[in-house]
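Student: mind looking at a prediction? Sequence and model below.
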Amino acid sequence: MRPGTPQHRDLFCRTFIDTHVVFEPEALPWPDLEPKYLERLRDFPLWGYARAIEQRAGRMVTAFAQTLDDPLIREAVAVQGVEETRHGRLMTHVLERYGIAVAPLDISDPPARREDFLIFGFGECTDSFVGFGAFAVARQKQLFPDSLLAIFDNVLYEEARHIAFFINWWRYEEARAGRDRMPQRWLDAAKYHVRALIGTAKGASDGPQLPELDGAQIKRMLDGLTPVMVLEAALAENARHMSRLDSRLIKPILMPTLARLAVVALRMLPPRAEAPATSRLQPVGTPASQSAA
């Protein structure tokens with residue numbers, strides 16, 4: 001499928017729209033949790049930030065959709081706005097149902113320019129890849145019951161749909177503008193990834209601020225894990241979700257490529273004599289074929 005063609009646009013828009021699932025977060029089969037699971041859930045330090053990010057994303061994507069001229073792309077982006085908004089509602093329901101005390105963060109109406117959507121989209125590619133790894137680790141270490149993880153697995157699949165749609169939209173727009181060439185495409189993608197990371201680290205002036213993390217909490221969350229274990233878990237989980245999408249779609253590959261390079265580099269380092277032996281996490285799924293983005 002050649003980027004920039006009407007056939008490409010129809011594929012990535014119609015696939016995204018047709019795979020949208022209607023549901024209400026409050027009606028999902030939320031399980032009752034044992035005390036140990038409740039403690040782990042409440043120990044997560046980023047609930048308020050995560051909810052605010054999803055709420056802000058819903059507002060921004062919904063507003064950006066209204067600026068688009070192409071009716072099919074506008075419809076698809078509007079569907080993403082619905083899903084982003086629903087993720088914010090889902091976060092709110094989790095906090096209320098499981099008694100997680102988090103003060104709401106003030107969120108101003110975010111700008112909805114093309115540049116803002118680009119930074120958001122590439123940032124979501126990074127965030128989703130990190131989320132894939134965290135989810136895989138939680139499942140492999142059995143940190144939460146399968147009934148709860150199944151709900152969040154569906155949320156992560158929606159995130160996989162979002163980033164695949166975004167990459168295809170970006171490649172479509174770049175091809176139509178005559179900019180879809182290597183290595184410029186990789187340089188532009190890296191630039192937006194960096195801008196998204198800087199915005200997260202510093203905190204956007206009109207967005208929620210990333211809270212300072214407690215060292216003890218982080219240690220408990222990462223206890224027994226190595227960087228290679230986390231990266232390999234993220235790669236396997238990313239491949240699992242991407243394999244569920246139409247094989248003709250372009251898939252995000254910058255984060256998986258960097259993760260693979262990091263794994264190779266880390267494995268070349270001499271082993272630490274004082275480190276106890278740890279087993280690798282069991283990979284989930286098989287790598288899916290991916291197109292360059």
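Tutor: Arrived safely. Numbers count the residues shown, from 1 in each chain.
Student: please make it C-alpha for all contacts and neighbour counts, starting now.
Tutor: Will do.
Student: in the stretch 1-150 of the chain, where is pLDDT below threshold?
Tutor: Across the stretch 1-150 of the chain, nothing is flagged by pLDDT under 70.
Student: which elements pack onto the helix or strand containing F16?
Tutor: Taking DSSP states H and E as the criterion, the element that holds F16 is helix 6-18. Secondary-structure packing of helix 6-18 (3 or more C-alpha pairs under 8 Å, 6 or more residues apart in numbering; DSSP states H and E): helix 71-97, helix 146-176.
Student: what's the angle from that helix to helix 146-176?
Tutor: Orientation check (axes from the mean of the first three to the mean of the last three C-alpha atoms, to 10 degrees): helix 6-18 against helix 146-176 gives 160 degrees.
Student: helix 6-18: which residues count as buried?
Tutor: Residues of helix 6-18 classed as buried by neighbour count (16 or more other C-alpha atoms under 10 Å): H8, R9, L11, F12, C13, T15, F16, I17.
Student: output it as PDB, nothing but the C-alphas.
Tutor: What follows is helix 6-18 as a C-alpha-only set of coordinates in PDB (Å, rounded to 0.1, in the frame of the first residue of the first chain):
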ATOM      1  CA  PRO A   6      -6.600   7.500  -1.700                       C
ATOM      2  CA  GLN A   7      -6.400   3.700  -1.200                       C
ATOM      3  CA  HIS A   8      -4.000   4.200   1.700                       C
ATOM      4  CA  ARG A   9      -6.300   6.800   3.300                       C
ATOM      5  CA  ASP A  10      -9.300   4.600   3.000                       C
ATOM      6  CA  LEU A  11      -7.500   1.700   4.500                       C
ATOM      7  CA  PHE A  12      -6.200   3.400   7.700                       C
ATOM      8  CA  CYS A  13      -9.300   5.400   8.300                       C
ATOM      9  CA  ARG A  14     -11.900   2.700   7.600                       C
ATOM     10  CA  THR A  15      -9.900   0.100   9.600                       C
ATOM     11  CA  PHE A  16      -9.700   2.400  12.600                       C
ATOM     12  CA  ILE A  17     -13.400   3.400  12.400                       C
ATOM     13  CA  ASP A  18     -14.600  -0.200  11.900                       C
END
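Student: could you export the following helix or strand past that helix as PDB, CA atoms only?
Tutor: As assigned by DSSP H and E, the chain's next helix or strand after helix 6-18 is helix 35-43. Presented in PDB, the C-alpha positions along helix 35-43 are these (Å, rounded to 0.1, in the frame of the first residue of the first chain):
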ATOM      1  CA  PRO A  35      -6.200  -6.500  49.900                       C
ATOM      2  CA  LYS A  36      -2.800  -7.300  48.400                       C
ATOM      3  CA  TYR A  37      -4.000  -6.300  45.000                       C
ATOM      4  CA  LEU A  38      -5.600  -3.100  46.300                       C
ATOM      5  CA  GLU A  39      -2.400  -2.100  48.000                       C
ATOM      6  CA  ARG A  40      -0.400  -2.600  44.800                       C
ATOM      7  CA  LEU A  41      -3.000  -0.600  42.800                       C
ATOM      8  CA  ARG A  42      -3.100   2.200  45.300                       C
ATOM      9  CA  ASP A  43       0.700   2.200  45.500                       C
END
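Student: about what we covered before: format the helices and strands packed on helix 6-18 as CSV; extra columns: distance to A65.
Tutor: Converted to CSV, the helices and strands packed on helix 6-18 look like this (distance: least, C-alpha to C-alpha, whole Å):
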stretch, distance to A65
helix 71-97, 5
helix 146-176, 13
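Student: and these: which comes nearest V228?
Tutor: helix 146-176 (21.5 Å; C-alpha to C-alpha).
Student: check what pLDDT I198 gets.
Tutor: Looking at I198, its pLDDT stands at 81.
Student: related to what we said a few turns ago, make JSON lines out of the helices and strands packed on helix 6-18 and add mean neighbour count and distance to P3.
Tutor: Listed next are those as JSON lines, based on neighbours: other C-alpha atoms under 10 Å; distance: least, C-alpha to C-alpha, whole Å:
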{"stretch": "helix 71-97", "mean neighbour count": "19", "distance to P3": "14"}
{"stretch": "helix 146-176", "mean neighbour count": "19", "distance to P3": "5"}
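Student: so for V137, which of those sits nearest?
Tutor: Counting by C-alpha to C-alpha, V137 lies closest to helix 146-176 out of the helices and strands packed on helix 6-18; the figure is 11.3 Å.
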